[in-house]
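Sequence first, predicted model second:
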There are 2 protein chains.
Amino acid sequence: MSETVAILGGTGAEGRGLALQWARAGLALRIGSRDEARAREAAAAVRAATRVGEERVQGLANAPAAAGADIVVLTVPLSAQIATIKTVREHLRPGAIVVDATVPVGAALGDRIAHIVTPWAGSAAQQARAFLPESVRLVSAFHSLSAVALAGLEHAVECDVLVCGDDAAARETVRRLAACIAGVRAIDGGPLANSRFAEHIAALLISLNARYKVKHSGVRFTGIDPER
Amino acid sequence: MSETVAILGGTGAEGRGLALQWARAGLALRIGSRDEARAREAAAAVRAATRVGEERVQGLANAPAAAGADIVVLTVPLSAQIATIKTVREHLRPGAIVVDATVPVGAALGDRIAHIVTPWAGSAAQQARAFLPESVRLVSAFHSLSAVALAGLEHAVECDVLVCGDDAAARETVRRLAACIAGVRAIDGGPLANSRFAEHIAALLISLNARYKVKHSGVRFTGIDPER
C-alpha cells in the first residue's frame, strides 16, 4: 500500500504490534505518542525488529504524526480517546481515513468479567465520530487483535478483523490494511454503528484470555467468504 | 447423556435444529410448544429424520414438557421469553438446569444492522434469571448456532458455543450437551453476566448472514483449548 499510516498511541502494546506488522509489510509509518521521545524510541525498536530504514518508520508527537497522513489509526485507551482526537483533529487532511480501534472496557475484575463501558453514542467508534471533522472518513477496526499475537512476527495472527464504517471506499482501504497482517482476514462489518460488535468481541477475548490463561485468543468467522 | 432434555419453543427453527441434533445423539427429548398439536407434529418429524423411536422424542405442551425435566432449553423469541418462563416455572424440578438461548434482537433493518435490545438486567439471560425460581440453575448457551446449519445433519456445525452461568457444574453439563452436536466446541464463557457477549455475537452473525447472503455464518475462537 502506498498510503502514509500514522498510529496514534503507537507506543502502547496494541499500537506497537500493528506498527511491527505494517513495517514488515513495507508501509510508510509514523508512530505517534503524546511524548515525542517515546515515539522515537518505539520507532527505532520497530525499525530494528523489521530491518527497515528510518525513512519508512518515524516517531513523532501525535499532532505532527497525524498531519497530512492518509490513514490515522487510533489505538489509545477509552479514557484518552477524546483528548487524543482533540489534539490532532485540526491537523487531519480532508478525506483522510481515521481508524478507531478503541476497546471500551474498564478493568477485568473479580470473576473475570471484562466490564464494558457503553458510550452514550452507542459505541466507542460512534463517540469518536462526534469529535471528528465531517471531512474525514471514520472506520472502526483491529479491536480483536491480540497485542501479543501481533508482536510475534514469526507466527501468523489467527484472527479475523471486523471492519465497520459508513464510507464503503474507506472500509475497503482499511480491509487492505488489515490484509497486510499475515493470517488476518478482514470481514465487512457494515455500518459504523455495528462497531459495538467488534468492541464487545474484543472485551470478550480479554475475558477468555483470563479464563483460559492465554494472551492471544482470537476469533474467526465461519460460513462466509471475505474475498467475495 | 442420560438427562431428559426439554426444548421449549421446540417447533421454531432453532429449537427444531437442536432437537434434530440431540435426537441423533440419542438423548431423551421433549419438544415443547404453546400448541401441543404442533409439538407432536415437530416430534414426529424429528423422529422420522433421525429414525429414533417414540419413547425418545415426545411432543408436549410447554408445561408438561418442562415438568420434571433435568434440562430445559428455552429457544423462543425475546418477546415470548418471560411469558414462557411464567408458564413453566412452577413445574421445574429443584436443581433443574434451565438453558436460555434467547437472542435479544429486533428486526434487521435498513443497512442491515441487527438491532439489539438491551434488557434492563443487562442481557436476556439475566432477565430470565429474575423470573426463575432460585432452586433452578440457569445457564446461557447455543445463541450462535445457525438453525440452517443445525438442520443439515450431513455436515458438522462449524461454530463454537459460549456457555455462561454462575453454577460451574451446570455449565459443565451444558458443555457436554453442546458437545453432542458434531462440530460444535463448547467454550467456558464464565459468569451469567457474560451472556451478553454470546447474545451480541448471535446478532452480529444475523447481520453477517444478510451482508454475505448466507444462512449459516458462525464463529470459532482461536488460541484457546476448550478441552483443557
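It's in.

Excluding residues flanking it in the chain, which one is nearest the most centrally placed residue in chain A?
The residue lying closest to the centre of chain A (C-alpha atoms, centre = their mean) is residue A:101, at 4.1 Å. Take residue A:101 and drop its neighbours on the chain: the residue closest to it by C-beta to C-beta, 6 or more residues apart in numbering or on different chains is residue A:142, 4.2 Å away. The way it works is simple: take the backbone N, C-alpha and C, and place the C-beta from them, glycine included.

same thing with residue A:176?
Residue A:176 sits nearest to residue A:1 (C-beta to C-beta, 6+ apart), 6.0 Å away.

And the one you found, how close does it get to chain B?
24 Å (C-beta to the nearest C-beta, to the nearest Å).

C-alpha coordinates for the longest helix along chain A, CSV please?
The longest helix of chain A (DSSP state H) is helix A:195-212. Coordinates of each C-alpha in helix A:195-212 appear next as CSV, following Å, rounded to 0.1, in the frame of the first residue of the first chain:
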residue,chain,number,x,y,z
SER,A,195,-18.7,-1.3,15.7
ARG,A,196,-20.2,-2.2,19.0
PHE,A,197,-20.0,-5.8,18.0
ALA,A,198,-16.2,-5.6,17.3
GLU,A,199,-15.7,-3.7,20.5
HIS,A,200,-17.6,-6.3,22.6
ILE,A,201,-15.8,-9.2,21.0
ALA,A,202,-12.5,-7.6,22.0
ALA,A,203,-13.8,-7.4,25.6
LEU,A,204,-14.9,-11.0,25.4
LEU,A,205,-11.4,-12.0,24.2
ILE,A,206,-9.9,-10.2,27.2
SER,A,207,-12.1,-12.3,29.5
LEU,A,208,-11.3,-15.5,27.6
ASN,A,209,-7.6,-14.8,27.9
ALA,A,210,-8.0,-14.5,31.7
ARG,A,211,-10.2,-17.6,31.9
TYR,A,212,-8.0,-19.8,29.7
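
and the angle from that helix to helix B:195-212?
Per axes from the mean of the first three to the mean of the last three C-alpha atoms, to 10 degrees, the angle that helix A:195-212 makes with helix B:195-212 is 130 degrees.

Show me what the helix or strand just after helix A:195-212 packs onto, helices and strands only.
Using DSSP states H and E, the helix or strand that follows helix A:195-212 towards the C-terminus is strand A:218-222. Counting contacts by 3 or more C-beta pairs under 8 Å, 6 or more residues apart in numbering or on different chains; DSSP states H and E, strand A:218-222 packs against strand A:160-165, strand A:185-190, helix A:195-212, strand B:218-222.

JSON lines for the ones you listed, including mean pLDDT and mean neighbour count?
JSON lines is the format used below for these (pLDDT from 0 to 100; neighbours: other C-beta atoms under 10 Å in any protein chain shown):
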{"stretch": "strand A:160-165", "mean pLDDT": "98", "mean neighbour count": "28"}
{"stretch": "strand A:185-190", "mean pLDDT": "96", "mean neighbour count": "23"}
{"stretch": "helix A:195-212", "mean pLDDT": "93", "mean neighbour count": "24"}
{"stretch": "strand B:218-222", "mean pLDDT": "98", "mean neighbour count": "21"}
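
To residue A:84, which of these lies closest?
Proximity to residue A:84 (C-beta to C-beta) singles out helix A:195-212 among these, at 16.8 Å.

hmm, the closest one touching chain B?
Yes: for helix A:195-212 and chain B, the contact criterion (C-beta under 8 Å from any C-beta of the partner chain) is met by A:196-197, A:200-201, A:203-205, A:207-208, A:211-212.

ok now that helix, how far from the chain's centre?
Centre-to-centre, helix A:195-212 and its host chain are 15 Å apart (C-alpha atoms, centre = their mean, to the nearest Å).

cool, stretch A:69-82 as well?
For stretch A:69-82, the distance to the chain centre is 8 Å (C-alpha atoms, centre = their mean).

In it, which residues are buried?
A:69-76, A:78, A:80-82 (16 or more other C-beta atoms under 10 Å in any protein chain shown).

Show me those residues that map onto helices.
In this view, those that belong to helices under DSSP H are A:78, A:80-82.

Grab the two from these that are most spread out in space.
A:78 and A:82 (8.9 Å).

got the residues of chain A near chain B?
Within chain A, the residues that sit near chain B (C-beta under 8 Å from any C-beta) are A:111-113, A:116, A:146, A:149, A:158-159, A:162, A:187-191, A:193-194, A:196-197, A:200-201, A:203-205, A:207-208, A:211-212, A:214, A:216-225, A:228.

cutoff 6 Å now
A:111-113, A:158, A:188, A:190-191, A:193-194, A:197, A:200, A:204, A:208, A:211-212, A:214, A:216-224 (C-beta under 6 Å from any C-beta of the partner chain).

returning to what we had before: which among the ones in helices among the buried residues of stretch A:69-82 gets closest to residue B:183?
The closest of those to residue B:183 turns out to be residue A:78 (C-beta to C-beta; 36.5 Å).

Output the lowest mean pLDDT helix or strand found in chain A.
Within chain A, no helix or strand scores below strand A:105-109, which has a mean of 64 by mean pLDDT, DSSP states H and E.

from the middle of its chain, how far away would stretch A:200-219 be?
17 Å.

quick one: contacts of it?
Contact with stretch A:200-219 is made by A:103, A:105, A:108, A:112, A:114, A:116, A:143-144, A:146, A:148-149, A:158-160, B:188, B:190, B:197, B:200, B:221-224, as judged by C-beta atoms under 6 Å, 6 or more residues apart in numbering or on different chains.

likewise stretch A:16-28?
Taking C-beta under 6 Å, 6+ apart as the rule, stretch A:16-28 contacts A:1, A:4-5, A:7, A:10, A:29, A:31, A:42, A:46, A:49-50, A:52, A:56-57, A:147, A:150-151, A:180-181.

Show me where chain A dips below the pLDDT cut-off.
Filtered on pLDDT under 70, chain A yields the residue ranges A:107-114, A:228.

Let me see the ranges of the strands in it.
Counting by DSSP state E, chain A has strands at residues A:4-8, A:28-33, A:57-61, A:71-74, A:97-100, A:105-109, A:113-116, A:137-140, A:160-165, A:185-190, A:218-222.

Could you dump those strands into JSON lines and include distance to residue B:134?
As requested, the strands of chain A are exported to JSON lines (distance: least, C-beta to C-beta, whole Å):
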{"stretch": "strand A:4-8", "distance to residue B:134": "49"}
{"stretch": "strand A:28-33", "distance to residue B:134": "52"}
{"stretch": "strand A:57-61", "distance to residue B:134": "57"}
{"stretch": "strand A:71-74", "distance to residue B:134": "46"}
{"stretch": "strand A:97-100", "distance to residue B:134": "43"}
{"stretch": "strand A:105-109", "distance to residue B:134": "25"}
{"stretch": "strand A:113-116", "distance to residue B:134": "22"}
{"stretch": "strand A:137-140", "distance to residue B:134": "41"}
{"stretch": "strand A:160-165", "distance to residue B:134": "39"}
{"stretch": "strand A:185-190", "distance to residue B:134": "40"}
{"stretch": "strand A:218-222", "distance to residue B:134": "35"}
